[in-house]
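> A predicted structure for the sequence below; I have some questions about it.
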Amino acid sequence: MNKITCVELFHVRVPLDTAFYPSWIPGFPQTENRFDLIRITTESGVKGYSAGPAISTERSGLGNLIAPYLIGQDASNIELMQQRLREISYLGLRSNWIEPAFWDIKGKEADKPVYELLGGKHQDIKLYASTGEVKEPDARLEEVQARFEEGFHSIKLRVHDFDVQKDIAQVKAITDVYGDKMDIGVDVNQAWRVTIVNNAPTWDLKRAKYFADACSDMGVSWIEEPLPMDAYEDQSALRAYSKVPITGGELHSSGYPELKMMIEKGCYDIFQPDAIMSGGISQALATAKLCKQHGLKFTPHTWTNGIGFAVNLQVMLASGFAGSMHMEYPINPPSWTIKKRDALLTEPFMHNKGILTAPNKPGLGFEIDAQALKRYGRCFFKMGQKKLIWHTLRDKGFKATKEIDHNRKHFGVNV
């Protein structure tokens, strides 16, 4: 048993060189790569990391909730850790993004990459360049040409216009030139519509079918999330209709139970859960296993930050689909660059002509650059065992604290 002795939370803001305009938040000039980093330390000194994307400081009160759930628990007991995170979610704070940190600890304890612990093998991964912005045809052509010259043979475009003909024209400008040179996918970003800055189009089944027909004529390789994430019946109908594979599943925060239902309903041809946002590594791999049983395909979503990419790389390597599917590689220069995406890592995840070699490092396969964390991060919470005692005394009082401690020792359960 390797007990958790300390929980730390950092809010990280990495300035971008130029503003990034994510297609999924129309009109929003993103000037920083923002995320929250967790560092969990065990009694043997092993440190596990994970990170979840952040808009602002919305997790400022998270530490006082999660630390009492985690300190003193066995970090390598993944089932127990999942149960604790599930309990936290009952209070309205979904925190499955923390789960990979326990796998990081487990891998480091075993001195093996997580994918090896999970039955994967060291191999090369084919990547598809994942753009992040909507662009006019001329600018998009320049972008695709740059990725092609870098060695990518697969790319994902973004469309997000109120006029479906403009969406089609943007895709056609690329397929006319690169349709016989690259596999081209299109992300519609309809699963989770965001209108916090500008209004955004809403697709229905009729529009999705029309777009699917156009994409079939253009030779598009896949269409990603062309309908709302909970439009299960319409998703199934579109998948049955479309000649182009339909993909999705990145942000289903209920995790495996919801994804299982969607697999059984036939919502997608290719499932793309992100282990940071859709239940953690264990649930992502359970989804991959079920996809294989149903004759479907799987490749994880990775567009969060360098740590999120590393987590999902481990998932891909352990999924059984690493040799047959391309994996998402977020890249959108001059704003969203590899350097900015992986700013906290000592070694960024660099590709070689669209190919990435699996990391050999134990755990999740990366090391945190301490100087970069000091530069870009702010520790907003830290609690060890002694601080937990004082916190509980102040929060609950002496009598309740004594009773809680007694009950944990005598009646506590592992799962």
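Looks like it arrived, so ask away. Values in this document were obtained by computation on a predicted structure and should not be read as measured data.
> Could you pull out the strands in this protein for me?
4-20, 30-42, 47-53, 124-130, 154-158, 183-187, 222-224, 246-248, 270-271, 297-298, 327-330, 355-357, 377-384 (DSSP state E).
> Among these, which comes closest to D138?
D138 lies closest, by C-beta to C-beta, to one member of the strands of the chain: strand 154-158, at 13.9 Å. (C-beta placed from N, C-alpha, C; glycine too.)
> Can you dump the C-alpha atoms of that closest one in CSV for me?
Extracted in CSV, the C-alpha atoms of strand 154-158 (Å, rounded to 0.1, in the frame of the first residue of the first chain):
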residue,chain,number,x,y,z
SER,A,154,-4.1,13.0,-42.5
ILE,A,155,-5.7,16.2,-41.3
LYS,A,156,-8.9,17.4,-39.6
LEU,A,157,-10.5,20.7,-40.7
ARG,A,158,-13.1,22.8,-38.8
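> Can you give me the buried ones in that strand?
S154, I155, K156, L157, R158 (16 or more other C-beta atoms under 10 Å).
> One more: stretch 138-145?
Neighbour-count burial for stretch 138-145 [16+ other C-beta under 10 Å]: R140, L141, E143, V144.
> what does stretch 361-375 give?
K361, P362, G363, L364, G365, F366, I368, D369, A372, L373.
> Now the fifth one. Nearest residue, chain neighbours left out?
Once its chain neighbours are removed from consideration, G365 has its nearest residue in P359; the separation is 3.3 Å (C-beta to C-beta, 6 or more residues apart in numbering).
> E367 is in contact with the one you found, correct?
No. Assessed by C-beta atoms under 8 Å, P359 is found out of contact with E367, at 10.1 Å.
> Beta-bridge partners for A51, please?
Under DSSP bridges, the beta-bridge partners of A51 are L37.
> Run through who's touching stretch 103-112.
2, 40, 42, 44, 46-50, 75-76, 78, 113-114, 116-117, 281, 314, 362-364 (C-beta atoms under 8 Å, 6 or more residues apart in numbering).
> change it to 6 Å
Here stretch 103-112 makes contact (C-beta atoms under 6 Å, 6 or more residues apart in numbering) with V46, G48, Y49, A75, S76, V114, L117, I281, P362, G363, L364.
> Could you do stretch 390-397 as well?
So stretch 390-397 is contacted by T401 (C-beta under 6 Å, 6+ apart).
> circling back to that earlier point, quick one: which of the buried residues of stretch 361-375 is nearest to K181?
Using C-beta to C-beta, the buried residues of stretch 361-375 come closest to K181 at G365, 31.3 Å.
> Need the per-residue pLDDT for M182.
pLDDT, M182: 98.
> can you check S89 too?
So S89 comes in at 89 (pLDDT).
> isn't V311 right next to P100, touching?
Yes. Assessed by C-beta atoms under 6 Å, V311 is found in contact with P100 at 4.5 Å.
> that older thread, would you reformat the buried residues of stretch 138-145 as JSON lines and include pLDDT?
Converted to JSON lines, the buried residues of stretch 138-145 look like this (pLDDT from 0 to 100):
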{"residue": "R140", "pLDDT": "97"}
{"residue": "L141", "pLDDT": "97"}
{"residue": "E143", "pLDDT": "98"}
{"residue": "V144", "pLDDT": "98"}
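> Need the max-distance pair from the residues you listed.
The span of the buried residues of stretch 138-145, defined through C-beta to C-beta, is set by L141 and E143 at 7.2 Å.
> which regions of the stretch 101-250 of the chain sit below the pLDDT cut-off?
Across the stretch 101-250 of the chain, nothing is flagged by pLDDT under 70.
> can you give me the helices in it?
114-117, 137-150, 164-178, 205-218, 232-241 (DSSP state H, counting those that start in this stretch).
> most tightly surrounded among these?
When the helices of the stretch 101-250 of the chain are scored by mean count of other C-beta atoms under 10 Å, the highest mean neighbour count falls to helix 114-117 (a mean of 22).
> ok now that one, how far from the chain's centre?
How far helix 114-117 lies from its chain's middle: 18 Å, per C-alpha atoms, centre = their mean, to the nearest Å.
> Domain parsing of the chain, as residue ranges.
4-112+368-411, 116-357 (automatic domain parsing).
> Buried deepest among the ones you listed, which one?
domain 116-357 (a mean of 20).
> avg pLDDT for stretch 22-30?
Mean predicted lDDT for stretch 22-30 stands at 97.
> Give me the contact list for it.
Here stretch 22-30 has contacts from A19, F20, G132, E133, V134, R158, H160, N189, V194, V197, N198, A200, using C-beta under 6 Å, 6+ apart.
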